[in-house]
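Enquirer: here is my input, please return the structure:
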Amino acid sequence: MTVSQLFDLSNDVAVVTGAGRGIGEGIARTLASAGAAVVCAARRTEEIERVCSSINSEGGRALAITTDVTDDHAVEALIDGATEAFGKLDILINNAGGNAFEAPLVELPRVEFEKVMTLNATSLFICTAAAASRMNEGGRIINISSFAADTPVPGHGHYCAAKAAVSMLTRVYAAELSPHIRVNAIVPGMIPTETVANALGLEDKDLPNLIETWPNLAGRLGTPEDIGAAALYLASPASAWVTGEILRVSGGI
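Expert: Below is the predicted model:
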């Protein structure tokens with residue numbers, strides 16, 4: 001197999017959640033550039049339509065489906081829409097997530113704890129159940145975790161717990177769905193996205209300075225394209241013997 005064949009997704013159909021901006025957009029664009037038909041899902045219709053319009057204008061194949069990943073019926077409609085539009089489903093990227101509420105755990109309202117667990121962990125459970133039942137042998141599921149899964153972040157313990165759940169769910173799904181479906185996760189480092197700004201209570205002008213607060217060995221902040229490249233590897237034939245792994249893409253933090 002040639003190098004180009006190792007990273008060729010031209011026969012694949014991918015669903016990417018949280019694809020309207022940030023890491024999700026970066027992953028969707030990267031998979032599309034490798035040839036995959038990409039279904040972009042998120043709650044903000046205008047954002048995923050913008051991403052899909054751009055992909056299609058560049059010669060790719062993309063479809064926007066507005067989805068609340070915490071809603072079972074909405075997720076079923078997403079997976080049905082993807083398979084109806086493109087005939088099958090090969091790749092699921094569980095990227096949707098985030099946290100906009102900061103508080104010490106002992107002061108955290110239960111509703112906020114449950115909200116973050118639902119958005120980051122329960123949504124993965126819902127999406128994986130719907131997608132796995134539609135995937136044929138050779139399916140791939142990639143979950144987006146966080147460095148917060150194994151690094152305590154005061155004020156964001158609920159998010160840390162949710163992402164730790166994502167990492168463990170990845171390993172369990174890999175065991176339960178083997179050998180027909182490969183399941184891996186990516187642990188991004190600090191990437192200056194809107195989600196990060198909301199979580200840390202920052203303005204856009206503050207994001208470039210995050211490298212001073214969160215230094216790394218690479219000497220720069222990450223980009224959505226960095227995570228897109230990692231997702232391409234895990235989604236492609238190049239990683240055919242990789243499953244149950246948690247790939248850290250963090251600049252060395």
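Enquirer: where along the stretch 151-253 of the chain do the strands fall?
Expert: 181-188, 246-249 (DSSP state E, counting those that start in this stretch).
Enquirer: check contacts around the spatially most central residue of the chain.
Expert: For the chain, the residue nearest the mean C-alpha position is N95 (2.1 Å; Cα atoms, centre = their mean). Listed by Cβ atoms under 8 Å, 6 or more residues apart in numbering, the contact set of N95 reads 16-19, 23-24, 27, 144. All C-beta atoms are positioned from the backbone trio N, CA, C, and that covers glycine.
Enquirer: looking at the strands of the stretch 151-253 of the chain, which is closest to V106?
Expert: strand 181-188 (26.8 Å; Cβ to Cβ).
Enquirer: for the closest one, packing partners?
Expert: strand 139-144, helix 157-177, helix 224-235, strand 246-249 (3 or more Cβ pairs under 8 Å, 6 or more residues apart in numbering; DSSP states H and E).
Enquirer: which stretches of the stretch 51-200 of the chain have low pLDDT?
Expert: Scanning the stretch 51-200 of the chain for pLDDT under 70 picks out the ranges 199.
Enquirer: repeat that for 80
Expert: 193-200 (pLDDT under 80).
Enquirer: all helices of it, in order?
Expert: 72-86, 110-117, 123-132, 157-177, 194-200 (DSSP state H, counting those that start in this stretch).
Enquirer: out of the strands of the stretch 151-253 of the chain, which one sits most buried?
Expert: Of all the strands of the stretch 151-253 of the chain, strand 181-188 carries the top mean neighbour count, a mean of 25, counting by mean count of other Cβ atoms under 10 Å.
Enquirer: for it, which strands pair with it and how are they oriented?
Expert: strand 139-144 (parallel), strand 246-249 (parallel) (DSSP bridges).
Enquirer: M190 is nearest to which of those?
Expert: The closest of these to M190 is strand 246-249. By Cβ to Cβ, the value is 11.1 Å.
Enquirer: what's the closest of the strands of the stretch 151-253 of the chain to V51?
Expert: Nearest to V51 among those is strand 181-188 (18.5 Å), distances taken as Cβ to Cβ.
Enquirer: what does that closest one rub up against?
Expert: For strand 181-188, contacts defined as Cβ under 8 Å, 6+ apart pick out 23, 132, 135, 137-147, 149-150, 166-167, 170, 173-174, 177, 222, 226-227, 230-231, 234, 239-240, 242-250.
Enquirer: got the angle for that strand vs helix 123-132?
Expert: Angle, strand 181-188 to helix 123-132, by axes from the mean of the first three to the mean of the last three Cα atoms, to 10 degrees: 150 degrees.
Enquirer: the inter-axis angle of strand 181-188 versus helix 224-235?
Expert: 160 degrees.
Enquirer: distance from the chain centre to strand 181-188, please.
Expert: On the basis of Cα atoms, centre = their mean, to the nearest Å, strand 181-188 sits 9 Å off its chain's mean C-alpha point.
Enquirer: same question, stretch 52-66
Expert: Using Cα atoms, centre = their mean, the offset of stretch 52-66 from its chain centre is 18 Å.
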